[in-house]
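> This is the structure alone, sequence omitted:
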Ligand code: AVI
């Protein structure tokens, strides 16, 4: 459904279902190995802490990906081709796309996010900064299959998915997500995606255990949020941040570790923790170039090109549907 949000942008509302925070927390804490999905990190404070993580000296992915985009913008544009509709699932503040817009010169840009107010504000700012660009903001849950609410009169569609957010999906879900994107962009379509590489364990461990404790605060904020929003009584300080690279699974795991035996209530539900028992809060998978290309192929894409930094920390892939 098309609604005009402001003079300069078009707005489409797919009315995404909000996640059921309460049910997912109760279900996750009721498991033998307790888990809480990482999508719940991002309340206002969690989003602020994540932005702070992106600027930390140890957290190399953000600055490395941005440098790759900056250094290769013209070459990337050459592969993406002229006059595409550029769709960005999970666009947030639409920060990184600004590194590409002047080179790619898409016929239209479609930021897509579940948070309506944030989406509209960010889309309006892009529109004001790039007066030549047609902006079509879409409020939708990008993790679900989606038909685009707007199709350009001509040209192909390319999705942009930076930040290695693909790493926070379990591998089977990552392939499913890529297949949804392939269906969304259609036959002539493409995908430009940022993927964190497998590397030296020390660099990875440092990136998720920063010396200022910002990642620890980000992890613990999940419990602060559960206390506030779900009426729980977590003693937040009695849970330690624990993050480490699991080489066998090719992922960084984040956990919250109970320092002592304790009981926590979430509303009327009671959960027992033994000392050292953990809540698994995030997996961040790392892919070699070949491993990611295998996933992309399974999802119906062909690898076209890949750009990396000199230290081989991060990769940006361009994929096209079929071929
Ligand atoms: C959003 N995502 C790609 C980040 C990551 O590296 O997996 C989230 C994060 N967790 C701890 N630090 C950053």
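Here it is on my side, so go on. Since we're looking at a predicted model, the values are computed, not measured.
> In this protein, what residue comes closest to the ligand?
residue 284 (3.2 Å; C-beta to the nearest ligand atom). To be clear about C-beta, it is placed using only N, CA and C from the backbone, and glycine gets the same treatment.
> Secondary structure class of that residue, three-state.
With DSSP: H, G, I helix; E, B strand; the rest coil as the basis, the three-state label of residue 284 is strand.
> Surely it and residue 246 touch.
No. Residue 284 is beyond contact range of residue 246, at 10.2 Å (criterion: C-beta atoms under 8 Å).
> Apart from its neighbours in sequence, what residue is nearest residue 155?
residue 83 (4.2 Å; C-beta to C-beta, 6 or more residues apart in numbering).
> give the contact list for that neighbour.
Taking C-beta atoms under 8 Å, 6 or more residues apart in numbering, we find residue 83 in contact with 105, 106, 107, 152, 154, 155.
> And these, which of them are buried?
105, 106, 107, 152, 155 (16 or more other C-beta atoms under 10 Å).
> now the contacts of residue 83 as TSV including secondary structure?
Compiled in TSV, the contacts of residue 83 are given as follows (three-state DSSP):
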residue	secondary structure
105	coil
106	coil
107	coil
152	coil
154	coil
155	coil
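> Pull the most distant pair out of those.
105 and 154 (14.3 Å; C-beta to C-beta).
> related to what we said a few turns ago, residues in a beta bridge with the residue of the chain closest to the ligand, which ones?
On the basis of DSSP bridges, residue 284 is bridged to residue 252.
> Give me the neighbour count for it.
Residue 284 has 20 neighbours, counted by other C-beta atoms under 10 Å.
> Ok, residue 211 next?
9.
> The chain should start at 459 in everything you say after this.
Taking 459 as the first residue, the last one we looked at is residue 669.
> Ramachandran angles for it?
Residue 669 adopts backbone torsions of phi -70, psi -20, taken as degrees, to the nearest 10.
> give the contact list for the closest residue to it other than its chain neighbours.
Sequence neighbours aside, residue 516 is the residue nearest to residue 669 in space, at 7.1 Å (criterion: C-beta to C-beta, 6+ apart). Residue 516 makes contact with 664, 665, 667, 668, 669, according to C-beta under 8 Å, 6+ apart.
> could the residues you listed go into TSV alongside distance to the ligand?
Formatted as TSV, those follow (distance: C-beta to the nearest ligand atom, whole Å):
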residue	distance to the ligand
664	12
665	7
667	10
668	9
669	14
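> Quickly check: the helix or strand harbouring residue 699 near the ligand or not.
Per DSSP states H and E: residue 699 is located in strand 697-704. No. Strand 697-704 lies out of reach of the ligand by C-beta under 6 Å from any ligand atom, never closer than 7.3 Å.
> Could you list every helix and strand in contact with that strand?
helix 659-665, helix 672-688, strand 709-716 (3 or more C-beta pairs under 8 Å, 6 or more residues apart in numbering; DSSP states H and E).
> Can you tell me what sits against the lengthiest helix in the chain?
Counting residues, the longest helix found in the chain (DSSP state H) is helix 518-538. Here helix 518-538 makes contact (C-beta under 8 Å, 6+ apart) with 512-513, 544, 554, 557-558, 560-563, 616, 620-622, 648, 650, 652, 654, 661, 665, 762-763, 765-767, 769, 771-774, 776.
> Can you list which of those residues are found in helices?
Those of the contacts of helix 518-538 lying in helices (DSSP H): 512, 557, 558, 560, 561, 562, 661, 665.
> Mind checking which of the residues you listed are buried?
Of these, these count as buried by 16+ other C-beta under 10 Å: 512, 557, 558, 561, 562, 665.
> residues contacting residue 741?
Neighbouring residues of residue 741 by C-beta under 8 Å, 6+ apart: 496, 625, 626, 628, 707, 709, 710, 711, 712.
> let me fix that: residue 599
Applying C-beta under 8 Å, 6+ apart, we find residue 599 in contact with 472, 474, 475, 572.
> swap the cut-off to 6 Å and go again
Listed by C-beta atoms under 6 Å, 6 or more residues apart in numbering, the contact set of residue 599 reads 474, 572.
> so what's it scoring on pLDDT?
At residue 599, the model reports a pLDDT of 95.
> part of a helix, is it?
No. The assignment for residue 599 by three-state DSSP gives coil, which leaves it out of any helix.
> Now do the buried residues in stretch 635-646.
Result for stretch 635-646 [16+ other C-beta under 10 Å]: buried residues 635, 636, 637, 638, 639, 640, 642, 643.
> so which of the residues you listed comes closest to residue 588?
Using C-beta to C-beta, residue 643 comes nearest to residue 588 of the buried residues of stretch 635-646, at 21.5 Å.
> Quick check, the closest one in contact with residue 615.
Yes. Counting by C-beta atoms under 6 Å, residue 615 is a contact partner of residue 643 at 4.4 Å.
> and the stretch 509-658 of the chain, which residues reach the ligand?
Residues of the stretch 509-658 of the chain lying close to the ligand (C-beta under 6 Å from any ligand atom) are 511, 621, 622, 623, 625, 626.
> What residues does the third one make contact with?
For residue 622, the contact set (C-beta under 6 Å, 6+ apart) comprises 519, 652, 653, 654.
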